[in-house]
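Peer 1: return a 3D structure for these sequence lines:
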Amino acid sequence: MTADNEIEMKEIFTRAQKGHNNKAKLLEDKTLFHDEFIHYLKYAMVVYKREPAVENVIEFVAKFASSFQTPSKSDKEGEKETGEEEEDDDDDDEEDHPFLNFIFNFLLESHKANSHAVRFRVCQLINRLLGSMAENAQIDDDLFDNIHQAMLVRVTDKFPNNDSNAEVRRAVLSCIAMSPSTLPKVLKRTRDIKETVRKLAYQVLADKVHIKALSIAQRVDLLQHGLHDSSEAVREAARSRLLPSWLKRLEGDVVELLHRLDVENCSETALDALKALFAAMPDDQLLQDRVLLCPSKLIPGDSLSCENVLYWRALCEFLKARGDEGEEMLDRILPDAASYADYLYGFVKTVPVLSEEQRADFATLELVMTKEFISVQLILLTGCLDTHEEGGRKRVLAVLQEMLCLPQTPPSLVSLLTEKLLSLIPDDNRRIQTVAEIISDVREPIMEASQPVDEDEKRRQQIKLAEVKVRILEAKQALDDCIAAQEFSHAARFKDSITELENERGLLLQDSSQPADRESDPDTLLRCLTMCAELLKQMNIKTRIGPTLSAIMSSLILPCIANAHTAVRNMSVLCLGTCALHCKELAKTHLLLLLQIAQLDEVKIRISALRSIVDLLLLYGFQLLSDRAATRAAPAASGSPGGQQEEEEGEGPAEEKGDTAGGHGAEHPGDAVGVPRWRVPRCSPALVLLWYNPVTEDDTRLRHCLGVFFQLYARESRAHQEVVGECFLPTVRTLMNAPATSPLAEKKAPTGKGGRKASRRAESSEESDGENVPESIPVARPSRRAKTAAMEKTKLDLNPLIDQEANTS
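Peer 2: The predicted structure is shown next:
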């Protein structure tokens, strides 16, 4: 290109920087000036900051290049009608393509540049070029595929030590087309590190993606993270853009929206979504009959579903939270307390009790689980009832007590029913008395007097049972003979006969059997312990253990510690630990029992015992351990030096306790931040060793808790810093003295620069999809040799220990 043309090109780009020029007319001679055009365009592409002059140049380039767009099909058809000019027009079209394709190809080649400014301007120019083209414009399929692939790479763009590269990802999100391959990339941006990108991702999903294009898991994940995002702007985008767009595409049917979220498995997320929708609705729209209430302000039993009952509950709770302003509207969708109590009782009674055979049927099990979910929502709805009126409150109390006494009430509802019952009784003494009466009725129900057994009838049943047994033996013998003679048709008939006789024998045995002892039934014990645990949870911490609770302690809680069923033992440990919080003497008496359980029982029960011990230490302080040790000082001093050996063992093999229960126990020191009693230097080395132990490297939750604890604890006071400092030498001593078979042998002090992290790799344009997204929990790797070599701990029979505790108390 000549010097004059070069000066003209420079003048064109100079004038393009001014906003008042008509950029579409700056170039009249559209000739082959590719190289010179690109040369001056690069001056603008290397500037990352949004300067007005640069933005004007970008706009000029986009409008000029888009003027070479391909004519639409309709225009081509009109041109073909001219006849004589058909070939000339085709030639002109072919000549119009090269410059626009040249610009696109240049941008696609430049999108891999190391400079984040160039990558940003490439995305911006592609966006402006596509936006400047006519609505019916067309581009080549190969060109579209290349743009699509480039934008998929740029949507995860990043560069080191600079967060402003979010503009690159925002530019891509604003112009990316939705497809099955691009949707996961956009969903990934909802977890971006920059709130502006997350906000735009939610807006793009609201405008371009139909709710049916997302899976249930994706919908729930979007709402869960969007409505609880740390940024108010992102939360507002989820509330005001995403949810209304989904509701609009479902024709405003809120119940249908709940159906798309699978409320049985994500009820909390569905409730948050409903509250966000209610907050944006006017009052007259809130009271529309979306839940199909009958004139009695109740949903008919045959119309109850998981979606409409959750909507009913969410609406009532929303209006209840508005105080006096919502009381009037609440009365229009909720009946009086007595009517609702009868309605609740009638539905809970319809929940069937499944046998073992019925539990194997998935359809039957799913139906029961649905009914239990509906029952839970109806029970929670009692919190919105107006119980100030005495008659209604008494009726609700009576219904809740009766449902707790019913044997067919599902175990999953016992805790919730007890919580709602106790919330209506303000006095702790009345609470204790009420729960004690229910436990007594459940364990020893009032039964009708049994009729005297007729001796003749009993004799006839015994004779009939003996006849059936003889016939079974004869049929089995005949079956063996037929098999030996290879008469398989006769053998099949004998086999069916044996099955019928076995069923008849079972019925006779069932008729003659005595009723089961409900006092030792595991389901009954678990039901009673659940009510007791909920009672202790609701009681004031200052309420002391009286005669009634002492009786429950001796007759129910302590005997169940040695029960064969895991669930019963676990609930009894929870009750024991909660009882000890109300009485220090009780805590001293049973602390040894809790310590033994924390070491020797199953993992789930050990965790419960550890939590109870930590709660006791936080409440009473480490003086509780000193008082317990003082009572055993004399026997320990007169014995062999086993106590000293036990103490030394307690300091050494801390690395062998990296199991699940130990991990949960190590999480609880985080509760002690700010508690003055947590100043025992001997605890810190064990926690440090547990933090760096190779055995716990797969337990990300444990290591996270310990890491946060040490930082917060050391910042609390100077004394805490001294405690952390004092643990250095014991920790190093333990590491140096660790045997070769110990996992801690791998944690020797590093020498040289062996522990230095690998340098960060150079910036690449092919970023992975996970960049600029918070790291998720890593997949657990195979356990080390210390885990495979860990010895299985033997279980201890706790009956002698319980007897000892009972004698001392």
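Peer 1: the helices in the stretch 451-600 of the chain, which residues?
Peer 2: 455-484, 488-512, 522-538, 547-552, 558-560, 566-580, 584-600 (DSSP state H, counting those that start in this stretch).
Peer 1: how long is stretch 127-138 from one end to the other?
Peer 2: Start-to-end span of stretch 127-138 (Cα to Cα, to the nearest Å) is 15 Å.
Peer 1: before we move on, what SS does F64 have?
Peer 2: At F64 the chain is in helix, as set by DSSP: H, G, I helix; E, B strand; the rest coil.
Peer 1: so L293, which state does it fall into?
Peer 2: Three-state assignment for L293 (three-state DSSP): coil.
Peer 1: tell me who's in contact with it.
Peer 2: 299, 312, 333 (Cβ atoms under 8 Å, 6 or more residues apart in numbering). From N, CA and C alone the C-beta is placed, and that goes for glycine too.
Peer 1: re the thing from before, now the helices of the stretch 451-600 of the chain as a markdown table including distance to S303, mean pLDDT and mean neighbour count?
Peer 2: Conversion of the helices of the stretch 451-600 of the chain to a markdown table gives the following (distance: least, Cβ to Cβ, whole Å; pLDDT from 0 to 100; neighbours: other Cβ atoms under 10 Å):
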| stretch | distance to S303 | mean pLDDT | mean neighbour count |
| --- | --- | --- | --- |
| helix 455-484 | 48 | 83 | 13 |
| helix 488-512 | 39 | 78 | 13 |
| helix 522-538 | 31 | 91 | 21 |
| helix 547-552 | 42 | 90 | 16 |
| helix 558-560 | 42 | 91 | 21 |
| helix 566-580 | 35 | 92 | 23 |
| helix 584-600 | 48 | 89 | 19 |
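Peer 1: just so I know, which of the ones you listed lies nearest I147?
Peer 2: For these, the distance to I147 is smallest for helix 566-580, at 59.3 Å, taking Cβ to Cβ.
Peer 1: which one, of the helices of the stretch 451-600 of the chain, ends up nearest to L417?
Peer 2: helix 522-538 (8.6 Å).
Peer 1: now the angle between helix 566-580 and that closest one, please.
Peer 2: Counting by axes from the mean of the first three to the mean of the last three Cα atoms, to 10 degrees, helix 522-538 lies at 30 degrees to helix 566-580.
Peer 1: helices or strands up against helix 522-538?
Peer 2: helix 414-423, helix 428-443, helix 566-580 (3 or more Cβ pairs under 8 Å, 6 or more residues apart in numbering; DSSP states H and E).
Peer 1: now with 10 Å?
Peer 2: Applying 3 or more Cβ pairs under 10 Å, 6 or more residues apart in numbering; DSSP states H and E, we find helix 522-538 packed against helix 390-405, helix 414-423, helix 428-443, helix 547-552, helix 558-560, helix 566-580.
Peer 1: picking that back up, save the helices of the stretch 451-600 of the chain as TSV, and put in distance to V723 too.
Peer 2: Listed next are the helices of the stretch 451-600 of the chain as TSV, based on distance: least, Cβ to Cβ, whole Å:
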stretch	distance to V723
helix 455-484	74
helix 488-512	66
helix 522-538	33
helix 547-552	38
helix 558-560	37
helix 566-580	27
helix 584-600	23
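Peer 1: tell me which of those sits nearest to L304.
Peer 2: Comparing these under Cβ to Cβ, the one sitting nearest is helix 522-538, at 25.2 Å.
Peer 1: doesn't G252 lie inside a strand?
Peer 2: No - assessed with three-state DSSP, G252 is coil; it does not lie in a strand.
Peer 1: give me the neighbour count for it.
Peer 2: By the measure other Cβ atoms under 10 Å, the count of residues near G252 is 13.
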